[in-house]
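Take a look and give me a structure for this.
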Amino acid sequence: MTIETSFTQKLVKITPTLTQPQQKIAAFVLNYPFKVALYSIEEFATAVGTSTASANRFAKALGYSGYAPFRQDLIKGFESVLDSVHRLKDGQRTSNSIQEVFTNALLETEKNLSVTRHNLNQESCEKAVQMILGAKRIFILGFGSSAYLSGIMERRLFPYKDMVLSLSSPGGIAEAARRLTFVDEKDLIIAISFPRYLLDTIQLARNAIQKGAQVLALTDKLTAPIAPIAHCVLYAKSGTQFGQNSEASTLALIEALMAGIDYSSNHAVELATEMAQTLTPWLVSPNSP
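Numbering: from 1, shown residues only. Sure, this is the predicted structure:
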């Protein structure tokens, strides 16, 4: 299936004017644009079954000076989707032991946490806590890998509110939209949105805002699509070489936010005591026989 971008639309139009061998190459590009975007010229030539010279001639027939600018133009339109693949590919080229990979991943998490900590803003931190404590109901938007973080937030917040609901349910986006049908100005939407940013999260947040709800966003940077529409934003650095995102810093930010809730709530001690009493019969003591 052809992925429609300005590049592929242009290639579809020009394909009939190409030679038969070049049309075969064009068909491969249209069928596998993500793969081609990752290929060096040698890898591309091997995959198509041609020579590097023919690959360059193909690029020039499309109006490029060579394969490199052709590949750069192909990438446009889905850079963010391919970014993690490029990082993984680059990482696998390094000569490291598995222990070094472990160590580097942990160092990467430390750096993410350090950036996240330095990006904290007093006004945003206080506003986020007050938005949560002041809301009548809380709905948490988190899909894809953010669905797991959404579940953790629901678990941590439910003692404080009569209704806290993670919308990453088996019913999917349609069910999430249904649950948000009757939100109003007393409700809070917590939107967790990290690369790859999902349009559904943004659209559901917009719909809730139109109904008067407030939006607290957890995302990675100022240019994230959710940032301009949210009433308050908390940022977590989430970059990682092996994968699209590291959830570690986002989870740490959630824990920090919950610490702010525990500190600020007049009922925190009472709730903690009640929870402890409720759970005690179900716990195993380390000193039990």
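
mind listing the strands for this protein?
In the chain, the segments counted as strands under DSSP state E are 137-141, 163-166, 187-192, 214-219, 232-235.

Let's have those strands in TSV, adding mean pLDDT and distance to Gln203.
Glycine gets a C-beta too; all of them are placed from N, C-alpha and C. Shown next, in TSV, are the strands of the chain (pLDDT from 0 to 100; distance: least, CB to CB, whole Å):
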stretch	mean pLDDT	distance to Gln203
strand 137-141	97	10
strand 163-166	94	18
strand 187-192	98	11
strand 214-219	98	12
strand 232-235	97	18
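
which regions of the stretch 101-250 of the chain sit below the pLDDT cut-off?
For the stretch 101-250 of the chain, applying pLDDT under 70 flags the ranges 242-244.

Send over the longest helix along the chain as PDB, restricted to the C-alpha atoms.
Scanning the chain for the helix with the most residues, using DSSP state H, yields helix 98-118. Taking Å, rounded to 0.1, in the frame of the first residue of the first chain, the C-alpha atoms of helix 98-118 are listed here in PDB:
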ATOM      1  CA  ILE A  98      25.700  -6.200  26.500                       C
ATOM      2  CA  GLN A  99      26.800  -4.900  29.900                       C
ATOM      3  CA  GLU A 100      27.800  -1.600  28.200                       C
ATOM      4  CA  VAL A 101      24.500  -1.400  26.500                       C
ATOM      5  CA  PHE A 102      22.800  -1.800  29.900                       C
ATOM      6  CA  THR A 103      25.100   0.800  31.400                       C
ATOM      7  CA  ASN A 104      24.500   3.300  28.600                       C
ATOM      8  CA  ALA A 105      20.700   2.800  28.800                       C
ATOM      9  CA  LEU A 106      20.900   3.600  32.500                       C
ATOM     10  CA  LEU A 107      23.100   6.700  31.900                       C
ATOM     11  CA  GLU A 108      20.600   7.800  29.300                       C
ATOM     12  CA  THR A 109      17.800   7.600  31.900                       C
ATOM     13  CA  GLU A 110      19.900   9.600  34.300                       C
ATOM     14  CA  LYS A 111      20.400  12.300  31.700                       C
ATOM     15  CA  ASN A 112      16.700  12.300  30.900                       C
ATOM     16  CA  LEU A 113      15.800  12.700  34.600                       C
ATOM     17  CA  SER A 114      18.300  15.500  35.000                       C
ATOM     18  CA  VAL A 115      16.900  17.400  32.000                       C
ATOM     19  CA  THR A 116      13.300  16.800  33.300                       C
ATOM     20  CA  ARG A 117      14.300  18.100  36.800                       C
ATOM     21  CA  HIS A 118      15.900  21.200  35.400                       C
END
